[in-house]
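Q: Pasting the sequence and the predicted model now:
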Amino acid sequence: MHFNRKKIKQNKLKISPRGAKKKKIKIASEKKVVKPVKRSKKKNRKLKITSVSGANNVDVKKFGDKSEYKPIKEWKSILDGHPAFILGNAPGVEKQNLSLLDNYFTIGINRIFYIYDPTILMWQDKQVWTSDKKTILKQGAIKICSGKSGPRNKFLNFRVKIRPFRFGGDLETLYGTGNTTVLAAQFAVALGCSNIVLLGTDCAYGHKGKTDFYGENKDHKPYTLKMCNGAMQWLKDDCPVKIYNCSGNKLWKTQKLEKVIKEIKPLQLSRKAYRKIFFK
């Protein structure tokens, strides 16, 4: 019997180990040339991490905050005598000349990074990270958040225990939910700060109902202002250091930032110098 070899498909059996299935591999015709597959060498690989928002690719060079600094528990009284300027997100903060604070110690709350890069950036709501992770990573600020509101084991973290608010003196554990400003105040006092200066803690809406200086906060709730006022009242009653109010909050006399700086005469340090205090 004669076969027409041109009509037969050119197949070749690849022999696999005993018991395995045989695979058919097509052989290219003589006219076609099989080019070897080029495998690219990936450079600047990114670290894949798991956060509360799922898997994210984050540039390792922009990360590593936690590894650069001393553990938070070693920060107690490390800023003895320095005032802390706490920057909230209320509409009034955008009217402040925040450049006056460039050489002082600042703790910025939540999305303050839209207009200012503070010494420390603090947040406790996971929505801040999930919605603005790329912007957060660009900030030069030391990033500190609650353990459930950012990538696990990458940023410096604190625990939040439920009410009542109180000054526990422990930098790793802060007390009271619903208001990040009072957590920042607890943190500042534990650092040894001599005074607290409040900016952007109005506990009031701005022009045309703006909830925050950047517009409307989609996470704002009907009870947010009530919780804010309650938290500020506690701060006024229980804070062990003097508070200066440069915000629109009615619980304290409102003062101009320039006047407060002139009165307390804080020690001036560059951002680099402040970061060195916290370095390992």
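A: Received it, and whenever you're ready, just let me know what you need.

Q: switch to C-alpha atoms for all contacts and neighbour counts from now on
A: Noted.

Q: Now do the same for Lys42: its pLDDT.
A: We note a pLDDT of 44 for Lys42 in this prediction.

Q: Please apply the same query to Ala90.
A: 95.

Q: Also Lys208?
A: 83.

Q: What of Thr119?
A: 96.

Q: How many neighbouring residues does it have?
A: 25 (other C-alpha atoms under 10 Å).

Q: hang on, isn't it packed against Ile107?
A: Yes. Using C-alpha atoms under 8 Å, Thr119 is in contact with Ile107, at 6.1 Å.

Q: Could you measure from Glu263 over to Glu172?
A: For Glu263, the distance to Glu172 equals 32 Å [C-alpha to C-alpha, to the nearest Å].

Q: Compare those two and say which one has the larger neighbour count.
A: Set Glu263 next to Glu172 and count neighbours by other C-alpha under 10 Å: Glu172 wins out with 20 against 9.

Q: gap between the more buried one and Ile261?
A: 29 Å.

Q: Next: Asp170.
A: Asp170 sits at a distance of 28 Å from Ile261 (criterion: C-alpha to C-alpha).

Q: Over to Tyr244?
A: Applying C-alpha to C-alpha to Tyr244 and Ile261 gives a distance of 10 Å.

Q: Gly108 now?
A: Per C-alpha to C-alpha, Gly108 is found 18 Å from Ile261.

Q: can you check Lys218 too?
A: For Lys218, the distance to Ile261 - C-alpha to C-alpha - is 34 Å.

Q: Of these two, give the one with the bigger neighbour count.
A: The neighbour count for Lys218 versus Ile261, taken as other C-alpha under 10 Å, is higher for Ile261 (15 against 8).

Q: That one falls within a helix, correct?
A: Yes. Applying DSSP: H, G, I helix; E, B strand; the rest coil, one finds Ile261 inside a helix.

Q: ok, and what's touching the longest helix anywhere in the chain?
A: Longest helix of the chain, by residue count under DSSP state H: helix 224-238. Residues from elsewhere that reach helix 224-238 (C-alpha atoms under 8 Å, 6 or more residues apart in numbering): Phe165, Arg166, Gly178, Asn179, Val182, Cys203, Ala204, Ile243, Leu251.

Q: Apply 7 Å and report the result again.
A: Gly178, Asn179, Val182, Cys203, Ala204 (C-alpha atoms under 7 Å, 6 or more residues apart in numbering).

Q: Just the buried residues of that helix, please?
A: Buried residues in helix 224-238, counting neighbours by 16 or more other C-alpha atoms under 10 Å, are found at Thr224, Leu225, Cys228, Asn229, Ala231, Met232, Leu235.

Q: what packs against the following helix or strand past it?
A: Toward the C-terminus, helix 224-238 is succeeded by strand 242-245 as the next helix or strand (DSSP states H and E). Judged by 3 or more C-alpha pairs under 7 Å, 6 or more residues apart in numbering; DSSP states H and E, the packing partners of strand 242-245 are strand 195-199.

Q: Direction included, what does the strand it packs on pair up with?
A: strand 84-87 (parallel), strand 242-245 (parallel) (DSSP bridges).

Q: can you count the residues close to the nearest residue to Pro91 once chain neighbours are set aside?
A: In space, and not counting its chain neighbours, Pro91 is closest to Phe213: 3.7 Å by C-alpha to C-alpha, 6 or more residues apart in numbering. Neighbours of Phe213 under the rule other C-alpha under 10 Å: 23.

Q: that older thread, how about CSV for the strands paired with strand 195-199, with mean neighbour count, distance to Gly150 and mean pLDDT added?
A: Formatted as CSV, these follow (neighbours: other C-alpha atoms under 10 Å; distance: least, C-alpha to C-alpha, whole Å; pLDDT from 0 to 100):
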stretch, mean neighbour count, distance to Gly150, mean pLDDT
strand 84-87, 26, 20, 98
strand 242-245, 18, 30, 98
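
Q: a markdown table for those, including distance to Lys73?
A: Putting the strands paired with strand 195-199 into a markdown table (distance: least, C-alpha to C-alpha, whole Å) gives the following:
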| stretch | distance to Lys73 |
| --- | --- |
| strand 84-87 | 19 |
| strand 242-245 | 24 |
